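Q: Need a 3D model of the sequence below.
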Amino acid sequence: MMNFKRLLPIYLGAMIGPLGGVGIITILPVLSKAWDISIQWTSLAVTSYMVPYVVFQLFSGSIAQVFDTRKTLLFGFGTYAAGGLLSGLSPNLTFLVCARFIQGLGAAFIAPITMALVGEMVEPRHLGKAMGLLGVTYTTGVTMGPLISGILEVSLGWPWFFFFLMAFAFAVAVLYWLSSRGV
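A: Coordinates of the predicted model:
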């Protein structure tokens, strides 16, 4: 049987990378207008997130094996949350690009580790279902990112999408920390 109590933070964590990676697309025109720069320049906020997200995934699994998977995943959540806070506080594009780099770095330590943990935590006979659910959570992040960023931008302003990402990553980190104690 799959232990959903232990898997829930893993599945929620898997949503984080796609949520932040795609969610910003909705607010690029708003950032462009707010800072009076072309949308081509604001799109750097996507690239500055995706580059570390892709590159550091190559190393994050090995780092997790050396320094402890639990600590490494918590590092990923914390780094992502810090990047979300800094992104929300960004006064200009340069600051946002740097903050998004930090956020992408955090996401790089979340994505592969969550996948590996599902593989470790689930019995082989349930692995297909568990990996299917993991795929659903990734897709949910991709789908919900633009919706959430749009709603928050219209209701509260563009920084609140990043504050939401910060709070979400922090909440998932706490859930994971609680569910993985003594394991």
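Q: Would you state the strands of this protein in chain order?
A: For the chain, none of the segments meets the definition of strands by DSSP state E.
Q: which residue lies farthest from the center of it?
A: Here the chain reaches farthest from its C-alpha mean at Arg125, the gap being 28.8 Å by C-alpha atoms, centre = their mean.
Q: separation between that one and Ser32?
A: Using C-beta to C-beta, to the nearest Å, one obtains 51 Å as the distance from Arg125 to Ser32. Yep, even glycine has a C-beta here, placed from its N, CA and C like the rest.
Q: One more: Met121?
A: Taken as C-beta to C-beta, the spacing of Met121 relative to Ser32 amounts to 43 Å.
Q: Tell me how far the residue farthest from the centre of the chain lies from Met131.
A: With C-beta to C-beta as the criterion, Arg125 and Met131 are 13 Å apart.
Q: and if you look at Gly104?
A: Summarising the geometry, the distance separating Gly104 from Met131, computed by C-beta to C-beta, is 24 Å.
Q: cool, Ile148 as well?
A: Per C-beta to C-beta, Ile148 is found 25 Å from Met131.
Q: Give me the more crowded residue out of these two.
A: Comparing Ile148 with Met131 by other C-beta atoms under 10 Å, the one with more neighbours is Ile148, at 19 against 14.
Q: got the contact list for that one?
A: Ile148 makes contact with 19, 23, 161, 164 under the criterion C-beta atoms under 8 Å, 6 or more residues apart in numbering.
Q: give me the low-pLDDT residue ranges for this structure?
A: Scanning the chain with the threshold set as pLDDT under 70 gives 1-2, 182-183.
Q: residue boundaries of the helices in it?
A: For the chain, the helices defined by DSSP state H occupy 4-23, 28-35, 39-42, 44-55, 57-67, 69-88, 93-108, 111-121, 127-156, 159-179.
Q: Next up, phi/psi of Ser43, please.
A: For Ser43, the backbone dihedrals are phi -70, psi -10 (criterion: degrees, to the nearest 10).
Q: and the gap between it and Tyr53?
A: Here Ser43 is placed at a distance of 15 Å from Tyr53 (C-beta to C-beta).
Q: Those two: who's more crowded?
A: When neighbours are counted by other C-beta under 10 Å, Ser43 and Tyr53 differ, and Tyr53 comes out ahead with 24 against 15.
Q: OK, contacts around the nearest residue to that one once chain neighbours are set aside?
A: Excluding its sequence neighbours, the residue lying closest to Tyr53 (C-beta to C-beta, 6 or more residues apart in numbering) is Gly104, at 4.1 Å. Taking C-beta under 8 Å, 6+ apart as the contact definition, Gly104 lies against 21, 48-53, 56, 83.
Q: same thing but 7 Å
A: Residues touching Gly104, when contacts are defined by C-beta atoms under 7 Å, 6 or more residues apart in numbering, comprise 48-53.
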